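A.B. asks: this one's structure only:
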């Protein structure tokens with residue numbers, strides 16, 4: 001019979017561990033377990049999270065593979081339904097957005113490299129080609145960046 005989260009010592013449970021020691025001491029599996037919240041009859045949320053991490057074929061990519069994994073691929077794991085898969089995708093998108101500047105307003109583009117620095121973080125882990133349009137005002141400040149086309153490799 002599998003061990004339940006409630007049966008673990010309190011400071012080995014992800015929620016309590018984060019509360020007492022901070023998020024930096026948690027493993028990737030423990031952080032994912034907090035997001036997916038519950039396991040299933042056979043496995044704890046940490047064990048399910050470990051299964052998600054084991055989907056990573058390119059070990060050099062680290063946890064970044066979660067940026068590109070599909071909802072359908074996540075749902076192939078018993079215990080990961082549509083809601084948990086969507087939660088994981090949402091967290092991935094939040095991570096993407098955290099790497100972007102707080103505001104594109106007042107960012108002046110003086111040369112192509114200025115724009116490349118901004119786009120590098122957003123596009124670094126993409127597995128598809130994305131065509132973007134960057135709109136500038138008459139002072140070369142970014143007004144808006146919009147995706148206009150996408151193609152999967």
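C.D. replies: Nice, I can see it. Since we're looking at a predicted model, the values are computed, not measured. Numbering: from 1, shown residues only.

A.B. asks: okay, buried residues for stretch 7-25 please.
C.D. replies: 13-14, 17-18 (16 or more other C-beta atoms under 10 Å). For every residue, glycine as well, the C-beta is placed using N, CA and C.

A.B. asks: residue 90 and residue 83, how far apart?
C.D. replies: From residue 90 across to residue 83, the span is 11 Å (C-beta to C-beta, to the nearest Å).

A.B. asks: go on, residue 11?
C.D. replies: Note on residue 11: its distance to residue 83, by C-beta to C-beta, is 29 Å.

A.B. asks: next one: residue 12
C.D. replies: Distance from residue 12 to residue 83, counting by C-beta to C-beta: 26 Å.

A.B. asks: check which helix or strand residue 29 maps to.
C.D. replies: Assigned by DSSP states H and E, residue 29 belongs to helix 28-36.

A.B. asks: name the helices or strands packed onto that helix?
C.D. replies: Packing partners of helix 28-36 (3 or more C-beta pairs under 8 Å, 6 or more residues apart in numbering; DSSP states H and E): helix 14-21, helix 45-53, helix 82-98.

A.B. asks: can you list those in JSON lines and add mean pLDDT and distance to residue 69?
C.D. replies: Formatted as JSON lines, these follow (pLDDT from 0 to 100; distance: least, C-beta to C-beta, whole Å):
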{"stretch": "helix 14-21", "mean pLDDT": "90", "distance to residue 69": "21"}
{"stretch": "helix 45-53", "mean pLDDT": "91", "distance to residue 69": "8"}
{"stretch": "helix 82-98", "mean pLDDT": "88", "distance to residue 69": "8"}
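
A.B. asks: and stretch 128-139, how far out from the chain middle?
C.D. replies: 24 Å (C-alpha atoms, centre = their mean, to the nearest Å).

A.B. asks: hmm, I was thinking of stretch 117-129
C.D. replies: Chain-centre distance of stretch 117-129: 14 Å, with C-alpha atoms, centre = their mean.

A.B. asks: now it: buried residues?
C.D. replies: Buried, per 16+ other C-beta under 10 Å, within stretch 117-129: 118, 125.

A.B. asks: that stretch: end-to-end distance?
C.D. replies: One end of stretch 117-129 to the other measures 17 Å (C-alpha to C-alpha, to the nearest Å).

A.B. asks: same question, stretch 73-85
C.D. replies: End-to-end span of stretch 73-85 (C-alpha to C-alpha): 9 Å.
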